[in-house]
Each structure stands twice: as C-alpha cells, then as structure tokens.
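Colleague: can't give you the sequence, but here's the structure:
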C-alpha cells in the first residue's frame, strides 16, 4: 500500500509537469467575449503567453508570435516568468521524488536520506503549485475586472480561456502530489521513531576515600568452612 501511494504520487507529479507545460504553451488564455452587438461568431481571437491566434470557421487557425514582450499586459508578462519557473521546479521535484521512493536504489542504505529526499520533493511540488496558480489566478482576476469595467469597450473584453481551467487542474495535481510525499515522510519518521531502541545509561557509585572496599565483599568461604567443621564435630561425638 505504501509503495502504491508513492507510485501514485509519481504519476500525479508527471501529469502535473505535463499540465504545466501545456498551460504555458496553450494560446487560449484570453478568448473573445461575444457580448452586446458583437454577434460575429465566425471568428475568435485567442491570446496566449507566447502567441496570438485567430480562429475562423472553415479556415485553418493562424497564429503569430509576439514581436515584443512589451506588447503583453503586465499579468501576462508575469505569467511568462512564473510558468517558466514552474516548469523548472516541477522537473526538479519529479527527479528528486524518483530518488526518494522506496522502490529505487538511490540512498537505499540510508533511510534518513530517503526521507529527506521525499520531503524536499514534496516541498518542490508545492512550490510548483504556487508558481502555477499565481499567474492563472492573476490573469483570471484581470479578465473578470475588465469584463465588468464599463470604461472598457465591448470589443476589448475577453473571457476565461481553456488554458486557465487547465492551470487550475494542474495546480490541484501538484498540490496533491506534494501532500502525499510529505505525508509519506512523516509516516516513515514515526515508524523509525517507534522501532528505535533506547539504552538507559547504567549508574555507577563511586566509593568514598575512607570506605574500605573489602567491607562490601562477601566472604563465601567462611560459611563453607564452618559448616564442614560442624559436620566433623558431630561425627566425632558419635564415635
């Protein structure tokens, strides 16, 4: 059961890594909002972190990479950096988790090192969850704020894209993976503490300078001699 739990954490961590890469690459962070007089549904604009795409019915989708980073809004600029950090942290967390599971030979002779490896991997997965969740929530907040802002034109308003929903799901996977690995570390630590053997130190009493150490010795020879003499005396009486 414990090995299956660790295997589940590895699978969820790998899916979280794939989801993080997908969130960064998907162009559907912001999509066209069909509201008001905007009833042209034959085309749709997608805005992502690295490119913008125009989807038209019965025509292939055309995408164009941003010519400059300054074209992006502040939330998308921050999302670029945070998603890149999230991918790197997720890769490091997955590689570290492989060394911490019980089925691998890494640190097999040192249970303490394996436990530390597990908790480090779990912490990295939690960090990847945070760095994935921050840009997704920030972008969603910006989209919702502009959508209900009366100053913003209807043609400039956007809706939540599919990449944001994938990002929330991916953050959940990374969160569960980190919790499982940290739980396994605490379970191993409690097991090691329960099986440890503690030896109580022996107490030694030092003799005083005036005390004769011969007084504490027991004379076992004297009783034997006295009993032997008594038996000989009794035999002599009968003679």
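Modeller: Yep, it's here. What you see is a predicted model, and the numbers here were worked out from it, not measured in a lab.
Colleague: now the strands for the protein?
Modeller: Using DSSP state E, the strands of the chain run over residues 30-32, 43-47, 51-56, 59-65, 158-160.
Colleague: out of those, nearest to residue 178?
Modeller: strand 158-160 (25.6 Å; CB to CB). Every C-beta, even on glycine, is put in place using the N, C-alpha and C of the backbone.
Colleague: state the distance from the spatially closest residue to residue 22 that is not a sequence neighbour to residue 31.
Modeller: Closest residue to residue 22 in three dimensions, ignoring its sequence neighbours and counting by CB to CB, 6 or more residues apart in numbering: residue 166, at 5.9 Å. Residue 166 sits 13 Å away from residue 31, going by CB to CB, to the nearest Å.
Colleague: residue 179 too?
Modeller: Residue 179 is 32 Å from residue 31, where distance means CB to CB.
Colleague: show me what contacts the residue nearest to residue 22?
Modeller: 19, 22-23, 26 (CB atoms under 8 Å, 6 or more residues apart in numbering).
Colleague: what subset of those is buried?
Modeller: 19, 23, 26 (16 or more other CB atoms under 10 Å).
Colleague: to be precise, which single item in these has the lowest pLDDT?
Modeller: pLDDT is lowest at residue 26 among those; the value there is 92.
Colleague: grab the nearest non-local neighbour of that residue.
Modeller: Per CB to CB, 6+ apart, closest to residue 26 is residue 163, 3.9 Å.
Colleague: isn't that neighbour up against residue 19?
Modeller: No: with contact defined as CB atoms under 8 Å, residue 163 does not count as touching residue 19 (10.3 Å).
Colleague: give me the buried positions along the top helix by length along the chain.
Modeller: For the chain, the helix with the greatest residue count under DSSP state H is helix 111-147. Going by neighbour count (16+ other CB under 10 Å), the buried part of helix 111-147 is 114-115, 117-136, 138-140, 142-143, 146.
Colleague: packing partners of that helix?
Modeller: Applying 3 or more CB pairs under 8 Å, 6 or more residues apart in numbering; DSSP states H and E, we find helix 111-147 packed against helix 2-25, helix 74-100, strand 158-160, helix 162-195.
Colleague: chain center to it, what's the gap?
Modeller: Remark: helix 111-147 is offset 10 Å from the chain centroid, using CA atoms, centre = their mean, to the nearest Å.
Colleague: nearest to residue 48, of the helices and strands packed on helix 111-147?
Modeller: So among the helices and strands packed on helix 111-147, helix 162-195 is nearest, using CB to CB, at 6.9 Å.
Colleague: next, format the strands of the chain as a markdown table and append mean pLDDT, distance to residue 151 and mean neighbour count.
Modeller: Converted to a markdown table, the strands of the chain look like this (pLDDT from 0 to 100; distance: least, CB to CB, whole Å; neighbours: other CB atoms under 10 Å):
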| stretch | mean pLDDT | distance to residue 151 | mean neighbour count |
| --- | --- | --- | --- |
| strand 30-32 | 88 | 18 | 23 |
| strand 43-47 | 84 | 20 | 17 |
| strand 51-56 | 85 | 23 | 15 |
| strand 59-65 | 82 | 28 | 10 |
| strand 158-160 | 90 | 15 | 17 |
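Colleague: need those strands in TSV (columns: distance to residue 170).
Modeller: Supplementary listing: the strands of the chain in TSV, determined by distance: least, CB to CB, whole Å:
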stretch	distance to residue 170
strand 30-32	18
strand 43-47	19
strand 51-56	20
strand 59-65	22
strand 158-160	15
